[in-house]
Each structure stands twice: as C-alpha cells, then as structure tokens.
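Engineer: This is a predicted model, with the sequence first.
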Amino acid sequence: MSQTESKPFNLHGLKTYDLQARPSKVFVEDLGRPVAAEVRLADWIRSLPRQLAAEDIRRVRDHLVRCHQEKRTVVAALGGHVIKTGCGPYLIDWVERGLLKAVAMNGAAAIHDLELALAGKTSEDVAASLPLGQFGMARDTADAFALAARVGAENEAGLGWALGRHLDHVSCPYPDASLLLAAYRAGIPCTVHVALGADIVHMHPHVSGAALGEASLIDFRKVCTVVSTLQHGLWLNLGSAVLLPEVLLKAVSVARNFGHSLDGLVTVNVDKLLQYRSAANVLDRPASEGIQLTGHHEILLPLLHAAVAAALVPAAPEIAPEPKAA
C-alpha cells in the first residue's frame with residue numbers, strides 16, 4: 001500500500017481542552033452592533049466592531065483629541081489626491097478650530113488647492129489634453145506660482161506662505177475651498193515641497209527654478225522647526241507615498257541633531273495602499289507609535305473628521321427634574 005493510500009489517522013486518544021479555558025482573540029462584546037437610522041454619530045462610532053481598522057480609527061481619533069486638549073503639535077502632510085477627492089474642507093475646518101498647527105503639501109496638492117480657489121475647479125483630463133500638447137498649460141496657475149515663488153524667496157517667507165498671500169490679495173472667488181488660504185489667514189506654517197520637473201507649472205518659461213527652489217528650501221527649514229515641536233504630537237501623512245515621507249525623515253534628523261526630543265511622537269499614514277517609504281519613513285523609523293489606515297481618502301478623512309467632532313462635543317448637562325407641585 002502506498003503512502004497516499006494509507007489508512008486514516010487514528011484519532012483515538014486525541015488531547016482536548018475546555019473551550020472556556022482557551023485564549024481567544026474575539027469576544028462577543030467586540031462585535032459590531034446595528035444601530036437605528038436616527039442614532040447619534042458618537043454612538044455609531046462606538047457601535048463599530050472592536051477589531052482591526054475600526055479600532056485604528058478610534059485610536060487616531062483619540063490621539064487627535066488628546067493633542068488638541070494638550071495643545072500638542074498636529075501636522076497634516078498631504079499629496080494632491082487628498083485635495084482632488086474633495087477632502088480639503090475637513091482639513092480647513094481643523095485649521096480654523098486650531099487642531100492643526102501646521103500643513104505640509106507637495107506641489108500637486110498646492111496646485112489643485114490654488115486652482116479650486118481661483119476657478120472653482122481643478123484636475124484636467126490628461127489623456128485628452130496630452131496628445132494635443134495642452135496638458136498643464138493653464139496660464140493662471142503658472143502665473144500664481146511664478147509670482148509666489150519670487151515673493152516667497154525674496155522675503156524669506158517660503159512658497160506656502162506666498163501662495164496663501166497671493167490668494168488673499170487677489171480676492172479669489174472661492175476662498176473657502178483653499179487650505180493654503182486657511183493656513184495663511186490662521187497664521188500657521190503651510191509649507192510646499194516641490195520636486196522640480198514634476199509639476200505642471202515647471203513647464204512654463206517664466207516660472208523661475210531658482211525662485212521655486214529657494215522658496216521651497218525655506219519651507220523645508222520651516223518644517224524642520226515644526227518637527228522639532230512634535231514631542232507627544234501627531235504627524236498625519238495623507239496620500240503622499242514618496243516626497244513627504246522623505247521630507248519628514250530629513251526633518252526628524254535635523255530636529256534630533258539639534259537635541260530636540262521626539263519622544264511620544266505618533267504618526268499616521270492614510271492611503272489606499274501602504275508603500276515602502278510611508279511604512280519605513282513615517283510609521284517605523286521616527287515614531288513611538290505608527291498607525292496605518294488603509295482605504296480611500298474620500299471615505300476615511302470625512303469619517304475621521306466626524307469621529308473627532310463627535311468626541312469634542314461637550315456632554316449635555318443633565319437637566320434636574322422639576323419639583324413636584326405641593
């Protein structure tokens with residue numbers, strides 16, 4: 001008889017144990033609970049399963065609330081997709097409420113934000129415009145960057161500040177759509193970190209590479225100052241797979257070189273996929289605690305914003321019963 005035709009294993013004498021004594025990972029109290037349509041948001045958040053991503057959302061919410069209450073530094077570092085998917089208003093609200101202490105953007109995020117403020121629209125059809133040689137040729141966007149780069153460099157104020165100032169001075173028709181403008185008006189650092197040759201404005205001849213580079217380098221030094229205050233703070237990496245994780249790593253090195261403690265730093269990465277640099281340079285190397293939220297920005301960021309809003313609402317005071325009539 002071959003091994004494949006051998007007799008079934010004799011299970012007599014198998015050692016067993018009592019189920020109640022066995023360590024387990026899931027308990028009945030961890031299960032999600034269906035809720036009624038009129039349920040309060042805070043109760044809905046609590047009704048989510050006490051497992052995996054639902055727990056991670058609550059952990060990030062709790063860190064945001066803690067940092068806000070303790071006046072710790074919270075930074076949102078974002079790529080262009082966050083603005084394109086309509087999530088800027090949630091970050092603007094956090095700026096206006098004082099929860100965000102600084103904002104960092106790559107060039108694409110700044111371009112989309114600027115175009116929404118100036119024209120009420122952004123994100124062209126690349127496949128349609130590229131064969132015609134028209135991709136990225138909008139004059140208004142390039143003009144704004146050309147001017148802001150010179151102003152930001154000459155005044156040693158940086159590119160993010162100068163773009164916010166530009167939007168403020170031109171009385172843009174859609175000011176409520178701009179994170180650049182919200183940060184400028186709130187007086188918090190807003191830095192723009194460009195990779196020369198990667199953004200549409202770099203194709204325009206009147207946009208100075210020298211001015212762009214100098215203004216963006218000033219912004220890097222600003223973000224080093226911000227990072228030096230991140231002890232027990234929070235860095236949110238939102239949709240940047242390469243550029244801003246690299247910026248964070250270098251800023252952390254500068255801050256520690258000057259002797260600043262980053263103990264207790266919590267980092268969060270929110271993106272559709274976990275990439276190498278966001279895993280290593282955001283979640284692992286600089287942080288005391290790293291949290292990954294995997295999913296679509298247009299779902300996760302509104303959910304996170306709502307969870308924080310619900311947690312910050314003061315509890316309604318109990319109403320004393322009216323005294324009974326004599």
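Structural biologist: Nice, I can see it.
Engineer: Now do the residue most central in space within the chain against Arg33, distance only.
Structural biologist: Among the residues of the chain, the one closest to the centroid is Leu238, at 3.3 Å (C-alpha atoms, centre = their mean). To Arg33, Leu238 is 30 Å away according to C-beta to C-beta, to the nearest Å. The way it works is simple: take the backbone N, C-alpha and C, and place the C-beta from them, glycine included.
Engineer: Do I have it right that Ala182 meets Glu96?
Structural biologist: Yes - between Ala182 and Glu96 there is a contact under C-beta atoms under 8 Å: 6.4 Å.
Engineer: What distance do you get for Leu196 to His204?
Structural biologist: Counting by C-beta to C-beta - Leu196 and His204 are separated by 13 Å.
Engineer: Of those two, which one has the most company?
Structural biologist: Neighbour count, other C-beta atoms under 10 Å: between Leu196 and His204, His204 has more, with 16 against 11.
Engineer: Which residue is the nearest non-sequential neighbour of that one?
Structural biologist: The spatially closest residue to His204, leaving aside those adjacent along the chain, is Ala142, at 3.8 Å (C-beta to C-beta, 6 or more residues apart in numbering).
Engineer: ok, the one you found - contacts?
Structural biologist: By C-beta atoms under 8 Å, 6 or more residues apart in numbering, Ala142 lies in contact with 200-201, 203-204, 206-207.
Engineer: got these as JSON lines, with pLDDT columns?
Structural biologist: Shown next, in JSON lines, are the contacts of Ala142 (pLDDT from 0 to 100):
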{"residue": "Ile200", "pLDDT": "89"}
{"residue": "Val201", "pLDDT": "94"}
{"residue": "Met203", "pLDDT": "91"}
{"residue": "His204", "pLDDT": "95"}
{"residue": "His206", "pLDDT": "96"}
{"residue": "Val207", "pLDDT": "94"}
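Engineer: mind listing what the closest residue to Gly98 other than its chain neighbours touches?
Structural biologist: Leaving aside its chain neighbours, Gly98 sits nearest to His68 (7.4 Å; criterion: C-beta to C-beta, 6+ apart). The contact partners of His68, by C-beta under 8 Å, 6+ apart, come to 74, 98-99, 308, 312.
Engineer: And the buried ones among those residues, selectable in PyMOL?
Structural biologist: Here is the PyMOL command that selects the buried residues among the contacts of His68 (16 or more other C-beta atoms under 10 Å):
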select buried, resi 74+99+308
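Engineer: if I pick the residue nearest to the centre of the chain, what's in contact with it?
Structural biologist: Taking C-beta under 8 Å, 6+ apart, we find Leu238 in contact with 76-79, 82, 87, 270-271, 297, 301.
Engineer: Of these, which belong to strands?
Structural biologist: With DSSP state E as the criterion, strands contain 76-78, 270-271 from among the contacts of Leu238.
Engineer: Test my guess that Leu48 contacts Asp56.
Structural biologist: No - using C-beta under 8 Å, Leu48 makes no contact with Asp56, being 10.6 Å away.
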